[in-house]
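Trainee: sequence plus predicted model, see below.
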Amino acid sequence: MRLEIGNRAFTSFPNFQFKNHETLGYNVIKMESHLFIPDKLAYVKGDKPQVKCILCAINEKDPKVTKLDIYHTDHFIVSLNLYPYNPGHLMIFPKKHLIDPRQLSDEQVLELNNLTTMTLNIIEKLYSPNGFNVGYNIGYVSGASIEHLHLHVIPGYKNEIGLIDIIGNARVIVEDPNKTLKKFKEAFKNFRAVWLE
C-alpha cells in the first residue's frame, strides 16, 4: 500500500503469521506489521531538504519542502506535522526564526495564546478528542529535531492504543493527511465567521 502526500510517500508492509495458541486451543493470527515512512529515517539521519531551516522554508514557500501550512497570522503559521503522533497533530511556529519562547515579544505571546486557543477549538470541533498535549521541545536533548521554535498541539483519544499498536507494534494514522490538510484549511478560514458568533 502506498500513500503520497506532496512529494512524500508512505508505505506499509504487513506480514501475517499463523501460530497455534496452545492455551486457547486454536490458531490465532499474529500480525507483525511495520509502517515504513521511507523519508523519516533519512530525515532523522540528516538527509533533509537542502534549506537552512525547514520552518523558515515553509514561511518562504520554498518548493523544496512539503506545503502543509494551514493558517497564517501576522507573526505565526499553523501547520500539519509531517510525521504526526495522532490525527489532527498541528504545530504553531513563528514566521521569524526564533529558538526559545522567551524571545517572543509581549504582543507575540498574546497572539500565540489566542492562536493556540483557536487551534484547540478547531481540533475539538473537527476530531472530538478526549484531551490534548500542548508543548515545546526546546533543544536537541529534549527531542527538538528542528531548531526553530514550534508549539505542538496533539489531540489525545481515549482509545488511541489499539490492537495494531499492541500486537503489531505499529502506529496507525487513520486519516489521509491530504484530507486532514483540506479539512483544517477550511476550518481555520471559517473559524471567526462561524464559531465566534
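Mentor: Arrived safely. Fair warning: this is a prediction, and the values are worked out from it, not measured in the lab.
Trainee: which residues in the protein form helices?
Mentor: Using DSSP state H, the helices of the chain run over residues 38-44, 54-59, 106-127, 163-167, 177-195.
Trainee: what's the burial count for residue 70?
Mentor: Counted with other Cβ atoms under 10 Å, residues neighbouring residue 70 total 23. The C-beta positions use only the backbone N, C-alpha and C, and glycine is treated the same way.
Trainee: ok, now residue 102?
Mentor: Residue 102 has 9 neighbouring residues, counting by other Cβ under 10 Å.
Trainee: one more: residue 69?
Mentor: Neighbours around residue 69, by other Cβ under 10 Å: 20.
Trainee: quick check, pLDDT for it.
Mentor: Listed pLDDT for residue 69 reads 94.
Trainee: would a markdown table of the helices of the chain with mean pLDDT be doable?
Mentor: Output for the helices of the chain, formatted as a markdown table (pLDDT from 0 to 100):
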| stretch | mean pLDDT |
| --- | --- |
| helix 38-44 | 56 |
| helix 54-59 | 94 |
| helix 106-127 | 96 |
| helix 163-167 | 46 |
| helix 177-195 | 79 |
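Trainee: nearest to residue 144, of those helices?
Mentor: Nearest to residue 144 among the helices of the chain is helix 54-59; the distance by Cβ to Cβ comes to 11.4 Å.
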